[in-house]
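> Turn this into a model:
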Amino acid sequence: MPSYFEIKLTEKESFLDALQKRVLLFDGAMGTEIQKFNPKPEDFPNNQDGFNDGLVLTHPEWIKEIHKKYLDAGADCIETNSFGSNKIKLDEYGFGDQTIDFNKKIAQLASEVCQEYSDRPRYVIGSMGPSGFLPSSNDPDLGQKPLDEIRDAFELQAEGLILGGVDALLIETSQDILEVKLVIEACHNAMKKTGKKIPIIANTTLDQYGKMLLGTNIQAAYTTVSDMGIDIFGMNCSTGPIEMTPSVRWLDEQNEHNILVVPNAGMPENEGGQAVYKMTPEKMGDALGDFLKQYKKVRIIGGCCGTNPEHIKVLRKVIDEKANSVEG
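Residues are numbered from 1 along each chain as shown. From the prediction side, this is the model:
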């Protein structure tokens, strides 16, 4: 008969159970880490330069190495390299008819990496970025995609991610709250189809004035989706942590859903036509550490654009120091 210790090692604590007990740390940026391999067009499927998600087919070892760097830095959770793998996006690269299998493969790769770590539970988060359309807008191009087509595109992605073994689904870098609603519905549909229920994290992306691209503020965004069966609500990308402060404060006062805060490494600065992020790991650690001290509902932190394993290493230290001070 196996010992209690052996049972604990083989039975991974669920993502939501872990979230109730401790602050969880997400990883950092994926795209900039991919660029460090100096990829050429021929490194991508069918020479489609910039098809980062497609590297699961041509250079899975690159993606594994990035995942490992973040886990070695102390991340509890890694996001799948599937940010642009909804069917609408994959259609652009000729892989739309493979959406389910494509996402399943990406999720399995991340799961395999996590299984190499036995020191504590590590979680795979299924990344679901925007479709590229804005269904709430009247734009003649971006606002004309049928709603059911958008929902179906994400349902196929969610199905693949679930089949690949993700521990939660993450709707991220969302700029249109109507699309967030559609993706949440798609996630629920995929769970019914697969017979597996997993947590849903719904994120918004706000500018420095606290508004989504089409003008929706945090209060309206939260009210719109908070009762749709989501488990965590949060913000990622667009700004650094400082600009997120008023929104985090308001969300914490709602005292309902746990909060995710995954900012960029500061506000982007334009240098030679390129966005540059200059917030150091230490500055970011100070800012997110203050959030953890002040806002009890903030249960997930991590990094978006401009962050790397060094940022995650500092955030790991911030979380551990907070945990030790509470225990002390």
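> Shouldn't Ile88 be within a helix?
Yes - the assignment for Ile88 by DSSP: H, G, I helix; E, B strand; the rest coil puts it in a helix.
> was I right about it contacting Phe133?
Yes - with contact defined as C-beta atoms under 8 Å, Ile88 reaches Phe133; the gap is 7.2 Å. The C-beta positions use only the backbone N, C-alpha and C, and glycine is treated the same way.
> so what sits against both of these two?
Both Ile88 and Phe133 are in contact with Lys145, Ile150, where contact means C-beta atoms under 8 Å, 6 or more residues apart in numbering.
> so which helix or strand takes in Lys192?
Here Lys192, judged by DSSP states H and E, is contained in helix 177-194.
> Show residues contacting that helix.
128, 130-131, 133-136, 147, 150-159, 162-163, 169, 171, 174, 197-198, 200, 202, 204, 212, 214, 216, 220-221, 224-225, 228-230.
> can you tell me which of those residues are in helices?
Among those, the members falling in helices are 147, 150-159, 162-163, 220-221, 224-225 (criterion: DSSP state H).
> neighbours around the residue lying closest to Lys40 once chain neighbours are set aside, how many?
Excluding its sequence neighbours, the residue lying closest to Lys40 (C-beta to C-beta, 6 or more residues apart in numbering) is Asp49, at 7.8 Å. Residues within reach of Asp49, counting by other C-beta atoms under 10 Å, total 11.
> Please apply the same query to Ala323.
So Ala323, with other C-beta under 10 Å, has 14 neighbours.
> switch to numbering from 40
With 40 as the first residue, the last one maps to Ala362.
> distance of it from Arg61?
According to C-beta to C-beta, to the nearest Å, Ala362 stands 6 Å off from Arg61.
> Could you pull out the strands in this structure for me?
63-64, 116-118, 162-167, 207-210, 239-243, 271-275, 297-301, 308-310, 313-315, 337-340 (DSSP state E).
> Got the confidence number for the residue nearest to Lys79?
Predicted confidence (pLDDT) at Asp88: the value is 97.
> Same check on Tyr43?
Reported pLDDT for Tyr43: 36.
> And the one 4 residues further on, by the same measure?
Lys47 is assigned 45 on the pLDDT scale.
> what about the nearest residue in space to Ala207 that is not next to it in sequence, how many residues close to it?
Nearest residue to Ala207 in three dimensions, chain neighbours excluded: Pro238, at 4.2 Å (C-beta to C-beta, 6+ apart). Using other C-beta under 10 Å, Pro238 has 21 neighbouring residues.
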